[in-house]
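Chemist: got a sequence here, can you build the structure:
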Amino acid sequence: MPLYEHVFISRQDLSNAQAESLVEHFGTVLADNGGKVVESEYWGVKTMAYKINKNRKGHYAFLKTDSPAPAVQEMERLMRLHDDVMRVLTIKVDEHAEGPSIQMQKREERGERRERRS
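Modeler: Here you go, the predicted structure:
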């Protein structure tokens, strides 16, 4: 089955438990349609670059899935209809990266940044 990565942003006024329950809810939607969640990460509340629906912050969540296309389409459809979900991004990948995502790694583990020019 194809591999996908999903990131979605939910409203900032949800509690952490409610935001994490959204991840579980959409995981069950995939499972009901023949897919599975390989790994999920809750990235927490982050400030966005611009306002979305009058919100400056949002709960970010990341899913790695192994699902057929109809299951992904159904999950995206339900995400877009859900009042608490503001944005969804789905990407089809050839393989999932091992270990935690770049958002979950500590700054020291990410590698050195290049120096700024004067």
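
Chemist: next secondary structure after the longest strand anywhere in the chain?
Modeler: As assigned by DSSP state E, the longest strand anywhere in the chain is strand 36-52. The element immediately downstream of strand 36-52 (helix or strand, assigned by DSSP states H and E) is strand 55-66.

Chemist: hang on, the earlier thing: what's the longest strand of the chain in contact with?
Modeler: 3, 9, 12, 16, 19-20, 23, 27, 30-31, 55-67, 86-87, 96, 100-101, 103-104 (Cβ atoms under 8 Å, 6 or more residues apart in numbering). C-beta here means a position set from N, CA and C on the backbone, and glycine is covered the same way.

Chemist: try stretch 11-22
Modeler: Residues contacting stretch 11-22 (Cβ under 8 Å, 6+ apart): 8, 10, 42, 44-45, 53, 55-59, 61, 82, 84-86.

Chemist: report the buried members of the residues you listed.
Modeler: Buried members of the contacts of stretch 11-22, scored by 16 or more other Cβ atoms under 10 Å, are 8, 10, 57-59, 61, 84-86.

Chemist: closest to Leu78 out of these?
Modeler: Val85 (8.8 Å; Cβ to Cβ).

Chemist: Thr65 pairs with what?
Modeler: Beta-bridge pairing for Thr65 (DSSP bridges): Tyr4, Val37.

Chemist: that one - how many residues pack around it?
Modeler: Each residue near Thr65 was counted by other Cβ atoms under 10 Å, and the total is 26.

Chemist: for the one 5 residues further on, same thing?
Modeler: Around Pro70 there are 11 other residues, counting by other Cβ under 10 Å.

Chemist: confirm that it sits in a helix.
Modeler: Yes: the assignment for Pro70 is a helix, going by DSSP: H, G, I helix; E, B strand; the rest coil.

Chemist: contact partners for the nearest residue to it once chain neighbours are set aside?
Modeler: Leaving out its chain neighbours, the residue that sits closest to Pro70 by Cβ to Cβ, 6 or more residues apart in numbering is Asn33, at 6.4 Å. Residues near Asn33 by Cβ under 8 Å, 6+ apart: 67-68, 70-71, 74-75.
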